[in-house]
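> What shape does this take:
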Amino acid sequence: KKSIFDHRQELLNILATYNPSSDSDKYRDRLLGYMLDLTNASGIMVFTLQSTDPPFVERFLFSPDQTTNFLKPVNFNRIDLAPWMSPIHGQVIDVQLDQSFQNVLKILAPDLKSQKVYFSPLTIDHNQLGCLLILDPQGYHDELQFLLAMAATVFANAILSQRLIHQFQITIADLEASRWEVLNSRNTLRTLFDNIPLSIYIVNKDYSIAAINRHRASQLDISITRIVGRKCYKVLFNRNNICPGCEINQSLLEGKTTSREHQVWQEGQDHPLIIDVASYPVLNEDKKIVQAIMVENNITERRRLEDSLIQNEKLAAVGQLAAGMAHEINNPLAAIIANAQLIRREAKANKDITESADLIEQAGVRASQTISDLLRFSRQESYTFTETNLNDSIKKVVSLLQFRITRKNAKVTLDLQPKIPIINASED
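Okay, here's the model as predicted:
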């Protein structure tokens, strides 16, 4: 038979082997086996509260014959756990006489056959973890009270440690998942920051560059690492002081969003680049300005297209004006042609007058045809596709451009094939 000293030394040996990172089930079984041997009981039943939704009670049965555990959902409105959470250790309870324990056991352990149990709550710093029942203790006496209370406390500490470790592992897993999300978001933003076709850089309140994208850095032919941390006016614009009229001041000092355009002359270029520069303030959690983002966009091509569009609109307006004037010109031309025909008819005997009338009529008809061609060219209309001789269309175009050809002292020689196939096209 073991003495109290032997039991105490055995408990100390078990405590000495405790390692939270080791096999917790093995350590649990050693503790329960120790208490089972200490009391010569038939088994030990452990109830631990699981703070889930809905709440669960985990029941664990440890005995020489079997070891089983299962989770059981519990409606805590139906049972009173207050007696089970008493801070007093070492109560030997007659189950048949204690009605409150009977009510709880009917729900948690309806298969329990024991008449007497040694009851001990598992409580650490008012943190209620559950309780343990030593079933039918045979060798229990007051001298073992201290050892059982100590063993129950050690067991409760082990349960709490495992829960904290488990929660810590979950927290680490969540942090790792969050870290990967942050890294993924950072990589996505960095890719967007570097590959967007705009010049972007971030400036601190002391005008040092906090970040710059590749598009802007490529204009300096300097690595990004050699740009970050230097003053923006020095590294970007080769100045010793803040640039006059710098828009970033309004963002850094007043928190305003600004936008302006300026011209940049480059060596070997006949026209300046037009750069749209915008600045945006960056606020911290306290709504204080900490940085400003600068965005530079080369809008030279856009301005060129806008100017071209304006010029086209002017030409369209001129075309509309010419179309209106053409109607006014056609009226006197019709009169000229009619009078030329009348003169030719009245002066048949006079060859000189007849030739002059023919020239007047031909010039009038040519002028009238030119105006008609201009009107057809300026009109935006749907084309009618018919069988067309391509030679006739070419002759019309040359006739339309005859004035410009003559003005340039040029000569156009047509060498058209007379027997080309007829095509399906618009005569205009």
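> which residues touch residue 263?
272-275 (Cβ atoms under 8 Å, 6 or more residues apart in numbering). Quick note: C-beta positions are derived from backbone N, CA and C, even for glycine.
> how about a cut-off of 6 Å?
Neighbour list for residue 263: 272, 274 [criterion: Cβ atoms under 6 Å, 6 or more residues apart in numbering].
> can you confirm it is in a strand?
Yes - assessed by DSSP: H, G, I helix; E, B strand; the rest coil, residue 263 belongs to a strand.
> Look up which residues are beta-bridged to it.
residue 274 (DSSP bridges).
> ok, residue 407 - how many residues close by?
Using other Cβ atoms under 10 Å, residue 407 is surrounded by 8 other residues.
> how close does it get to residue 256?
57 Å (Cβ to Cβ, to the nearest Å).
> and if you look at residue 165?
53 Å.
> what do you get for residue 285?
20 Å.
> ok, those two, which is more surrounded?
residue 256 (15 against 6).
> Tell me which helix or strand that one sits in.
For residue 256, there is no helix or strand it lies in under DSSP states H and E.
> Just want the phi and psi numbers for it.
phi -100, psi 150 (degrees, to the nearest 10).
> okay, it: pLDDT?
With respect to pLDDT, residue 256 scores 89.
> which one is it nearest to, not counting chain neighbours?
Spatially, and ignoring its direct neighbours in sequence, residue 256 is nearest to residue 250 (4.4 Å; Cβ to Cβ, 6 or more residues apart in numbering).
> in terms of contact, does the one you found touch residue 258 like I think?
Yes - the criterion here is Cβ atoms under 6 Å, and residue 250 meets it with residue 258 at 5.1 Å.
> Between the two, point out the one with more neighbours.
Ranked by neighbour count (other Cβ under 10 Å), residue 250 and residue 258 place residue 258 first, with 18 against 15.
> what about the residue lying closest to that one once chain neighbours are set aside, how many neighbours?
The spatially closest residue to residue 258, leaving aside those adjacent along the chain, is residue 247, at 4.3 Å (Cβ to Cβ, 6+ apart). Residue 247: 19 surrounding residues under other Cβ under 10 Å.
> May I have the residues that are in contact with residue 247?
Contacts of residue 247 (Cβ under 6 Å, 6+ apart): 258, 260, 279.
> Next one, pLDDT for the second one please.
Spelled out, that is residue 260. 88.
> number of nearby residues for it?
Neighbour tally, residue 260, other Cβ under 10 Å: 11.
> Check residue 46 too.
Using other Cβ under 10 Å, residue 46 has 20 other residues around it.
> Now name the helix or strand holding it.
Residue 46 belongs to strand 43-50, assigned by DSSP H and E.
> need the next SSE after that strand, C-terminal direction.
Heading C-terminal from strand 43-50, the first helix or strand you meet, by DSSP H and E, is strand 56-62.
> Give me the distance from the longest helix along the chain to the chain's centre.
Counting residues, the longest helix found in the chain (DSSP state H) is helix 145-195. On the basis of Cα atoms, centre = their mean, to the nearest Å, helix 145-195 sits 27 Å off its chain's mean C-alpha point.
> what packs against that helix?
For helix 145-195, the packing partners by 3 or more Cβ pairs under 6 Å, 6 or more residues apart in numbering; DSSP states H and E come out as helix 24-39, strand 116-124.
> mind redoing it with 10 Å?
With contacts defined as 3 or more Cβ pairs under 10 Å, 6 or more residues apart in numbering; DSSP states H and E, helix 145-195 has these neighbours: helix 4-16, helix 24-39, strand 43-50, strand 116-124, strand 127-135, strand 199-204, strand 209-212, helix 214-217.
> Could you report the neighbour count for the residue nearest to residue 56 when sequence neighbours are not counted?
Among residues not flanking residue 56 along the chain, residue 50 sits closest, at 4.1 Å (Cβ to Cβ, 6+ apart). Burial measure for residue 50: 16 neighbouring residues, criterion other Cβ under 10 Å.
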